[in-house]
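Asks: Dropping a prediction and its sequence here:
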Amino acid sequence: MQAAAINECKTFVCDIHGEYTSNPSKLSFLGLGGKPYCPICKKEEEQQEYKKIKKQIEIQDWQKMNIEKRFFESSFDNFNAYNSELAGHLGTCCAFADYPTGKLVMIGENGNGKTHLAISILKKLGGKIYTAYEIGLKLRKSYAGEAKEWEIFNELCTVPLLVIDEVEKVKDSESKQHWFSYVVGKRYDKRLPIIFIANCHTKSDCKEVQSPCPKCLEYHLENDVLSRIIEDGIIMKFNSKDYRAEIRAIRLGE
Ligand SMILES: [Zn+2]
Ligand SMILES: [Zn+2]
């Protein structure tokens, strides 16, 4: 008699999923209100937990890549290619992520989606993103003994993808005899891809009377550095207006 009672299944009602049957004598499975857990609720909870852990792992990976928090959600899927120029760039970047070789050179003023696209590639390939200033700073710190210079070079030369942002801020003194040429050369020898982002325009696109103007790439970099960047690279010019302003305008229906 007792054994039959233990194995007895009863019907319960979940507010969300309706009726389900369960064995109330299995006390260890009792949820809130003394009712056994609804199996669908239980499964959903587990899936939520799994998603949360997966996201945490992804965030750790992105932090290791030096991706800023504001780009955590950036991916090809949510890139807003609202004109043909950006649609073309999206296609180029997707192809580069599939067959990463050589260089991508993204030139354009701030806020038109360059970093979003570069990060989308970086998330697929793995590697690092640094501004030119950050690399210079890391190396200067290494001379103060905070890290070994060769470790920094080793990372820059061997990560699957290296993205150098604000490349217009490479100082001539650094670029000429120091890290820039070395890293670019080494990665070329190893056939490892590199992406340059320059937040400016080229002299040929300059609309100022006095050209090169301070927003020209040529204003900041000497010709030998520039040719290093541009040789064998795919040049992508971003001439769109401010990408974020455009999104705001679309959202507001302006
Ligand atoms: Zn339920
Ligand atoms: Zn200019």
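Replies: Yep, that arrived. Ligands and ions are numbered 1, 2, ... in the order given.
Asks: Next, count neighbours for the residue nearest to K128 when sequence neighbours are not counted.
Replies: Distances taken as C-beta to C-beta, 6 or more residues apart in numbering put V159 closest to K128, at 5.0 Å, once the chain neighbours are dropped. C-beta coordinates here come from the backbone N, C-alpha and C atoms, glycine included. By other C-beta atoms under 10 Å, 20 other residues sit near V159.
Asks: Please shift the residue numbers so they start at 51 in all later answers.
Replies: Renumbered: residue one is now 51, and that last one reads V209.
Asks: Read off the pLDDT value for V209.
Replies: Per-residue pLDDT puts V209 at 98.
Asks: Quick check on it: phi, psi?
Replies: Phi and psi for V209, reported as degrees, to the nearest 10, are phi -60, psi 150.
Asks: That one: what's it in contact with?
Replies: Contacts for V209 (C-beta atoms under 8 Å, 6 or more residues apart in numbering) come out as 176-178, 242.
Asks: Are we agreed that V213 is in a strand?
Replies: Yes - counting by DSSP: H, G, I helix; E, B strand; the rest coil, V213 falls inside a strand.
Asks: Thought A168 was touching it, still the case?
Replies: Yes - using C-beta atoms under 8 Å, V213 makes contact with A168 at a distance of 4.9 Å.
Asks: Common neighbours of the two, please.
Replies: Common contact partners of V213 and A168 (C-beta under 8 Å, 6+ apart): 179, 245, 247.
Asks: Now do the SS call for S261.
Replies: coil.
Asks: residues contacting it?
Replies: Applying C-beta under 8 Å, 6+ apart, one finds that S261 lies in contact with K253.
Asks: Against ligand 2, how distant is it?
Replies: According to C-beta to the ion, to the nearest Å, S261 and ligand 2 sit 6 Å apart.
Asks: For that residue, give me the pLDDT.
Replies: 86.
Asks: ok, then the element right after the longest helix anywhere in the chain?
Replies: Across the chain, the longest stretch assigned as helix under DSSP state H is helix 89-114. Using DSSP states H and E, the helix or strand that follows helix 89-114 in sequence is helix 134-148.
Asks: Next secondary structure element downstream of that following helix?
Replies: Past helix 134-148, the next helix or strand by DSSP H and E is strand 153-158.
Asks: Give me the mean pLDDT for that next one.
Replies: Mean pLDDT, computed over strand 153-158, is 92.
Asks: Return the member of the shared contacts of V213 and A168 nearest to ligand 1.
Replies: For the shared contacts of V213 and A168, the closest approach to ligand 1 (C-beta to the ion) belongs to I179, at 43.2 Å.
Asks: Provide the strand pairings for the host helix or strand of the closest one, with the direction of each partner.
Replies: Following DSSP H and E, one finds I179 within strand 178-181. Sheet pairing here is set by DSSP bridges, and for strand 178-181 it gives strand 212-215 (parallel).
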